[in-house]
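# what follows is a predicted protein model with its sequence.
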Amino acid sequence: MLPRSQHLTTILRLSLCGVCLIAAFTAYTFDRQPEQIARIESWLFRKLTDPRQVRFDAALAEPDGKKAVRMMEQWTEDEAQCLRQDHLADKVQSAYQWLSHAAESRDDLPQATYWMERWLEFEDLSIIPQARYAELLCRHQQLRKKGIEILQGMVLRYPYHPEPAINLVNALLLENRPADAWQVVRDNYTAIRSNLCTVLWDIGDGFDYESRRSTILEVIENGTLRIGFSIAEACTGIELRLPPFLTALLSEPSITWATEASSAPLNLCDPKLQSRTGVQLELNEIEFNMGRLRCDGGSTPVIRLKLPAKSIPGTAFEFRAQLQQLPTRALMSPLRKDEFAELVTVLTNRGETENVALLRRFRALATAEDNFELFWHKEGSEFGADRSAQTPVALWPENDKVRFVAEFTPQAEAADLRFDLPGGLGIAFTIETVTTTVSGVRTEVQKQSLSILSTNDLTFSDDQFLVTGNDPYIIARLPVQVAFDQVRIEGTVQ
C-alpha cells in the first residue's frame, strides 16, 4: 500500500494532467474550431435564456390581442431586474416598444407614453426611444410644448439623425408653424455627416468586426465618390459600410480590383452581375433605383460582395459612384402639404429667392417620390380598379426641377389612358413623352400628339399642369387603340 504522501502526489499529478488536457483541448478548440465555440456559446445561451425567451415569443404569437398584452406585461414585470448588459436586454426593449405600439393602436396614448417611459428608464442613451417618447408627448395637447422642447434639444445634439427631425417637423405642423418646420428640414439636409467608411473582409470563415476591419475616408471630387482600400490577406468577400445616415443617389456604382483575368470595373447595378462575373451582391438599407443605388438615411448602409475566387494578398479595391445628395423621404413627405404651398408664397413676397427655389425643389422631389397610378380602358368600357397599375418612379433631380420616369406593365388593350398624379397644391407637372411597347416594338408618343380629353384638379398653362386639388389626373387618348405590354411616362415636376 502506498504511503499517504505518495498517494496525494499521484492524485495531484493526475489532476495536473487533467488540467493540461482540458487546457490543450480548449486552446485547440478556440484556435481551430470557431464553429465549435459558437455551438457551445449557443448551447449555454439557450440553457440560460430559453424558458424566458419562449414566454416572450409566446406573447408575440398570441392571436388574442388582450391576452397577448397581459402576457407581455407579466413578462416585463418578471424581467424587471434585467440590466442593459444582460442577454435578454434586447428582448426587454422590444417588449416595451411592443407594448407602447399596442397601446397606441387602442388609442390609449397615456399607456403608450407610460411604456416608452419604462423603455427610457431601461435605456436612456438610445436616440430612437427618446424621439418616440417625445413624439407621443406631442400628441397630447397639454404636453406638446414639452415634447417639442425635447425634440429641439435632440436635433441640436444629433443634427444628422432623421428620426428626431421627422418627429419635430410633424409636431411643429400641429402647432401651425410651417416656417419653423421647413427650417428643421433644411438644417437636417445641410448637417455635417460622417465621411468615414468601414471595410470588413472574409477570409473564408465569415466577417469578423473585431479583427478584420479597417476604417477609411471617403473622397468626393466633382460629385464623384471614391473609396479606395487594400486588403493584405487573400479574401473571399468584402463588406463596405458607407457613412451612417447617408441620403443620396449613387449613379454608375462600380467596384474595381485586380484579378488574374482583368481589372475592369464591375457595374453593381448590372442585373446579370452574378451570371456574368460570379460576384454575389447583397445590400442593406440601400435599394436599387433604375440603374442606381439609393441610400435613404439608414444607420447602416452596407454593400456586401462575395467574390468568385480568393483575391490576391495585398489587392487594392476601389468603389466609385456619382453622388447626388437628397433629403430623406420621410422629411420630404410633409412638404407636399398645403401649408408649404402657402409658405412658398410668403417667402416669395419676402424676396427669399434661394430659399424659395430649395423649397420648391424639395416639394417637387416629395411629390415625385409618390406612386404614380395608371388606368386604362378600350372603346366601350370604363376606367376601373381591375384595369389599373401603380409604380414607383425614378428621379433625376435637376437645379430647378425633377425629371421623372414611370414604367407600367399592364399588358392590356387600351385606347384611353388616365394618369393619376401625386397630389401637392401648387406643384407643376410636364408630361413630355408617353412610350408604348407592343410586341417588343417601342413607339414614342410626343406630347403634341396626345389628345387630352379631360383633367381633374389641374389647370393647364405654359405647357404645364398645375395641381389645384387633392385628386389630380389627366385622361388622354392614344393615336390608335393598341394592345401594349408596357407604358413609360417621362416628364418633369417643379
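Looks like it arrived, so ask away. Numbering: from 1, shown residues only.
# so which residues make contact with stretch 325-339?
Outside of stretch 325-339, the residues that reach it under the criterion C-beta atoms under 8 Å, 6 or more residues apart in numbering are 162, 165-166, 169-170, 173, 176, 178, 181-182, 185, 188-189, 247-249, 296-297, 340, 359, 362-363, 365-367, 369-370, 397, 422-425, 427. Bear in mind the C-beta positions are built from the backbone N, C-alpha and C, glycine included.
# in that stretch, which residues are buried?
Using 16 or more other C-beta atoms under 10 Å as the test for burial, stretch 325-339 gives 326-337, 339.
# just put those in TSV and tack on pLDDT and secondary structure.
Compiled in TSV, these are given as follows (pLDDT from 0 to 100; DSSP: H, G, I helix; E, B strand; the rest coil):
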residue	pLDDT	secondary structure
L326	87	coil
P327	88	coil
T328	89	coil
R329	88	helix
A330	88	helix
L331	90	helix
M332	89	helix
S333	88	helix
P334	90	helix
L335	90	helix
R336	87	helix
K337	88	coil
E339	91	helix
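# so which of the residues you listed comes closest to L88?
Nearest to L88 among the buried residues of stretch 325-339, counting by C-beta to C-beta, is A330 at 30.9 Å.
# what about that closest one, distance to H161?
12 Å (C-beta to C-beta, to the nearest Å).
# ok, H101 next?
H101 sits 21 Å away from H161, taking C-beta to C-beta as the criterion.
# quick one: which of these two has more around it?
Between H101 and H161, H161 has the larger neighbour count (other C-beta atoms under 10 Å), namely 21 against 13.
# give me the phi and psi for the closest residue to the more buried one other than its chain neighbours.
Leaving aside its chain neighbours, H161 sits nearest to I127 (5.8 Å; criterion: C-beta to C-beta, 6 or more residues apart in numbering). In terms of degrees, to the nearest 10, the main-chain angles of I127 are phi -70, psi -40.
# thought I127 was touching V155?
No - assessed by C-beta atoms under 8 Å, I127 is found out of contact with V155, at 10.8 Å.
# which stretch of helix or strand covers the residue lying closest to S251 once chain neighbours are set aside?
The shortest distance from S251 to any non-neighbouring residue, by C-beta to C-beta, 6+ apart, is to Q322 (4.1 Å). Of the helices and strands defined by DSSP states H and E, Q322 is found in strand 315-325.
# who does that strand pair up with?
Listed by DSSP bridges, the sheet partners of strand 315-325 and their directions read strand 224-231 (antiparallel), strand 247-257 (antiparallel).
# hmm, F319 is touching S254, no?
Yes - the pair F319 / S254 is scored as a contact, 7.4 Å apart, by C-beta under 8 Å.
# higher neighbour count, the two?
When neighbours are counted by other C-beta under 10 Å, F319 and S254 differ, and F319 comes out ahead with 25 against 15.
# what residues are up against that one?
Taking C-beta under 8 Å, 6+ apart as the criterion, F319 is in contact with L225, R226, I227, G228, L240, P253, S254, I255, I303.
# check the gap between the nearest residue to the second one once chain neighbours are set aside and Q322 for me.
In this structure, R226 finds its nearest non-sequential neighbour in V219, 4.6 Å apart by C-beta to C-beta, 6+ apart. Summarising the geometry, the distance separating V219 from Q322, computed by C-beta to C-beta, is 13 Å.
# cool, I216 as well?
If you go by C-beta to C-beta, the gap between I216 and Q322 works out to 20 Å.
# returning to that earlier point: can you lay out the contacts of F319 as a markdown table showing distance to Y133 and pLDDT?
Formatted as a markdown table, the entries for the contacts of F319 read as follows, by distance: C-beta to C-beta, whole Å; pLDDT from 0 to 100:
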| residue | distance to Y133 | pLDDT |
| --- | --- | --- |
| L225 | 36 | 89 |
| R226 | 41 | 91 |
| I227 | 37 | 90 |
| G228 | 42 | 90 |
| L240 | 34 | 93 |
| P253 | 38 | 92 |
| S254 | 43 | 92 |
| I255 | 41 | 91 |
| I303 | 34 | 94 |
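# now these as JSON lines including distance to R442?
Supplementary listing: these in JSON lines, determined by distance: C-beta to C-beta, whole Å:
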{"residue": "L225", "distance to R442": "33"}
{"residue": "R226", "distance to R442": "36"}
{"residue": "I227", "distance to R442": "37"}
{"residue": "G228", "distance to R442": "40"}
{"residue": "L240", "distance to R442": "37"}
{"residue": "P253", "distance to R442": "27"}
{"residue": "S254", "distance to R442": "28"}
{"residue": "I255", "distance to R442": "32"}
{"residue": "I303", "distance to R442": "33"}
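# run a quick neighbour tally on the nearest residue to K146 once chain neighbours are set aside.
Spatial nearest neighbour of K146, chain neighbours left out: L137 (5.5 Å); criterion: C-beta to C-beta, 6+ apart. If you count neighbours by other C-beta under 10 Å, L137 ends up with 23.
# and L137, what does it touch?
With the criterion set at C-beta under 8 Å, 6+ apart, L137 makes contact with T113, L143, R144, K146, G147, I150.
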